[in-house]
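>>> Fold the following.
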Amino acid sequence: MKRNPDRSPLITVLRWTSYLLPGDFLKTFFYLHCVAAPRRILHKLTSSFYRMDPLYQVLSEFKRDFNGPFSILEFGTASGYSSAKMLYATRYLHMEDDVVIHAFDSFQGLPPVPGKEDKGIVSSDWQEGQYRGDYERLCAYVESKGYKNHRIHKGYFEETLTPELLEEIKPTRPIFVWVDCDYYEGTRHLFEWLLPILPSGCVFYFDDFEFNYGSRLTGEARLVHEVNQGAFGDNVELMHDRSLSLDSDRVYRFMRLADDQVRYDRKPSPAWEGTPRPIGNGSPLP
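Okay, here's the model as predicted:
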């Protein structure tokens with residue numbers, strides 16, 4: 001009998017284990033509890049997404065590679081849970097003077113579901129009034145911590161996302177756009193507003209991308225699909241960043257190909273000398 005050269009070593013081990021275990025019940029019990037469950041746990045430990053990880057990764061990347069000033073924009077602030085962590089991240093990384101956090105929310109909770117694009121296909125719809133925030137409490141918190149690198153914009157997007165504010169934000173090139181406004185309509189509104197000043201490489205995090213299992217028909221995932229289908233031009237893309245997303249589909253890099261595009265100011269690399277590497281050795285080691 002010809003051996004399959006592509007067979008996984010795991011399959012070989014499982015086959016020999018199966019020979020040793022009597023009866024289908026015991027074989028099944030062993031597989032579910034001694035193989036499948038530990039593999040799921042190990043996978044979760046090593047590759048599960050935690051939304052604060054990309055925050056620190058992005059800030060560290062831009063501190064290392066680019067000159068500021070920068071901004072982070074959070075759309076859908078609610079009680080300020082994430083805003084507090086963003087502000088502390090800039091303090092921990094000594095970037096308070098380089099990064100301004102802009103927080104946007106009505107603090108009235110979700111408005112009514114605006115259309116079929118935000119209907120729950122396989123679960124309940126969003127509910128009006130969910131995620132109501134406390135504006136005064138958030139203001140008091142950031143004041144008590146002594147943060148100076150923040151601006152809180154109270155109101156619905158149609159009130160706060162003005163041309164004047166866009167011009168104000170433009171010099172502090174956005175590096176991280178935190179989208180937690182739940183609805184497709186709001187997500188499209190903020191993207192259209194920001195588009196003129198977005199540099200290639202800006203990171204987008206979509207907190208509710210997996211609404212309706214990430215269906216391209218609804219919610220934040222619909223906006224990503226529309227962008228990548230050319231709704232905002234053939235030269236614009238949201239590219240899934242697997243190094244930041246891990247096992248999720250929540251994190252993307254904005255990319256634009258244009259002669260007049262906004263760019264970050266890259267720091268010179270001390271490691272690059274402009275010459276190719278000399279011959280070292282023939283092994284796969286450097």
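
>>> Kindly report the domain assignment for this structure.
If you go by automatic domain parsing, the domain ranges for the chain are 12-47, 52-259.

>>> Can you read off the backbone torsions of the most centrally placed residue in the chain?
By C-alpha atoms, centre = their mean, the chain has its centre lying nearest to Tyr205, at 2.5 Å. In terms of degrees, to the nearest 10, the main-chain angles of Tyr205 are phi -110, psi 120.

>>> my guess is it contacts Val251, does it?
Yes - under the criterion of C-beta atoms under 8 Å, Tyr205 makes contact with Val251 at 5.4 Å. For the C-beta atoms, the positions are set from N, CA and C on the backbone; glycine is no exception.

>>> okay, and the common contacts of the two?
Residues touching both Tyr205 and Val251 by C-beta atoms under 8 Å, 6 or more residues apart in numbering: Pro54.

>>> Let me see the residues that make contact with the helix or strand harbouring His189.
Following DSSP states H and E, one finds His189 within helix 184-194. With C-beta under 8 Å, 6+ apart as the test, helix 184-194 has contacts from 73, 75-76, 104, 114-115, 117-118, 157-158, 161, 166, 174, 177, 179, 181, 206, 218-220, 222-223, 226-227, 232.

>>> can you tell me which of these are in helices?
Phe157, Glu158, Leu166, Gly219, Glu220, Arg222, Leu223, Glu226, Val227 (DSSP state H).

>>> Skip ahead from the lengthiest helix in the chain and say which helix or strand is next.
In terms of residue count, the longest helix belonging to the chain (DSSP H) is helix 52-65. Per DSSP H and E, the first helix or strand lying C-terminal to helix 52-65 is strand 66-67.

>>> Need the residues that contact that following strand.
Contacts of strand 66-67 (C-beta under 8 Å, 6+ apart): Tyr264, Asp265, Arg266, Lys267.

>>> For that strand, what is the distance to the chain centroid?
21 Å (C-alpha atoms, centre = their mean, to the nearest Å).

>>> So in that sheet, which strands flank that strand, and in what orientation?
Strand 66-67 sits in its sheet next to strand 265-266 (antiparallel), going by DSSP bridges.
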